[in-house]
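Chemist: Quick one: sequence plus predicted model below, questions after.
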Amino acid sequence: MTVPYVLPIEKGPNFRDLGGYQTTDGRTIKYHKLIRSGRMNKLSDQDLAFLTDYGVRTIIDLRSPKEKQQWPDRVPAGARYELNSIFPTDETQVSKSIVELRKLYDKDPVAGFMNMVNTYRDMVSRGSAQRAFHHFFEILCAHDQDNDAVLYHCTSGKDRTGMATVYLLTVLGIPAATIRADYLLSNPLLHKNRRDRLAALRAADSNSALIATTRSLASVRNEYLDAALVKIEDDYGSLPDYIENQLGVDNQMQAQLRQIYLKR
């Protein structure tokens, strides 16, 4: 599997180009076209200049309106910004403060794990999420010029962004094992963020239940992805069926996406 190019962004987490992944029929995703990331509110001027030079022309923000208001994106010069919320609120809980987390999760060490499992199921079944993912693909279909990159993100770039990437890579024909490996790559790329968050909890004398559940909230796991995929299989058939019938990405749209983002 080709390891994706991790962008040298100093003040933002989990920035990577999906270019280089190979499809089952021997094609390759183009570079400078599809970038996934975490939050953009702390980007430095140097980071913004890099993204502009890299060709980023559209930002798709998958966060909730409240997250956008609290932590507004710094947008590269010349780029178009669009809020396309998967959820009306941050169901992943990754934006919660220590005080808020303590109120929710200081009793049960598996509460965070179960919250994530249920959130992934909700991402599959909620009509609002399905409509947002459809619009995500609509935006991608409009970027047919080379070096015209779309950057899409949520807060950590792991859950909402992770599922958007699962759907996108499936449409492009990337093998399932590669898709899963890309999803799990968020764990090492977010290691420092997770370590710092857990250190802050320990410094605040948080109990072991809160530390355990926060670790679950700040990570990706096979079980989270499998919760979504099993929900799809149980309720909608196969993943390709779900993408076509529930997300409304028909054969013509899928062919257009492969034409835009793949090369021989």
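Modeler: Received it, and whenever you're ready, just let me know what you need. Numbering: from 1, shown residues only.
Chemist: Tell me which stretches of the stretch 51-200 of the chain form strands.
Modeler: 56-61, 80-83, 149-153 (DSSP state E, counting those that start in this stretch).
Chemist: Just list what the longest one packs against, helices and strands only.
Modeler: With contacts taken as 3 or more CB pairs under 8 Å, 6 or more residues apart in numbering; DSSP states H and E, strand 56-61 sits against strand 80-83, helix 127-141, strand 149-153. Yep, even glycine has a C-beta here, placed from its N, CA and C like the rest.
Chemist: Just list the residues touching the residue of the chain most remote from its centre, thanks.
Modeler: The centre of the chain is farthest from one residue, residue 205, which by CA atoms, centre = their mean lies 31.3 Å away. Under the criterion of CB atoms under 8 Å, 6 or more residues apart in numbering, residue 205 has no neighbours.
Chemist: middle-most residue in this protein, spatially?
Modeler: Centre-most residue of the chain, counting by CA atoms, centre = their mean: residue 161, 1.2 Å.
Chemist: any idea which helix or strand carries the residue nearest to residue 193 when sequence neighbours are not counted?
Modeler: Leaving aside its sequence neighbours, residue 193 sits nearest to residue 13 (CB to CB, 6 or more residues apart in numbering; 5.5 Å). Per DSSP states H and E: residue 13 is located in neither a helix nor a strand.
Chemist: burial of residue 13, as a residue count?
Modeler: Residue neighbour count, defined by other CB atoms under 10 Å, stands at 21 for residue 13.
Chemist: My guess is it contacts residue 190. True?
Modeler: Yes - when contacts are counted by CB atoms under 8 Å, residue 13 is listed as touching residue 190 (5.9 Å).
Chemist: what touches both of the two?
Modeler: 38, 156, 157.
Chemist: Minimum pLDDT in the residues you listed, which residue is that?
Modeler: Of all the shared contacts of residue 13 and residue 190, residue 156 has the smallest pLDDT value, namely 94.
Chemist: does it really touch residue 190, like I thought?
Modeler: Yes - counting by CB under 8 Å, residue 156 does reach residue 190; the two are 6.0 Å apart.
Chemist: before we move on, the earlier item: Provide a list of residues in contact with the residue nearest to the centre of the chain.
Modeler: For residue 161, the contacting residues are 14, 36, 37, 38, 62, 152, 153, 154, by CB under 8 Å, 6+ apart.
Chemist: Tell me, how many residues neighbour residue 228?
Modeler: Around residue 228 there are 23 residues (other CB under 10 Å).
Chemist: oh, I was asking about residue 6
Modeler: 13.
Chemist: and it, how far is that from residue 141?
Modeler: Using CB to CB, to the nearest Å, one gets 27 Å for the distance from residue 6 to residue 141.
Chemist: Equivalent analysis for residue 125, please.
Modeler: For residue 125, the distance to residue 141 - CB to CB - is 25 Å.
Chemist: same check, this time on residue 87
Modeler: Residue 87 sits at a distance of 23 Å from residue 141 (criterion: CB to CB).
Chemist: cool, and residue 49?
Modeler: Going from residue 49 to residue 141 by CB to CB gives 28 Å.
Chemist: ok, residue 166 touching residue 183?
Modeler: Yes - between residue 166 and residue 183 there is a contact at 6.3 Å, judged by CB under 8 Å.
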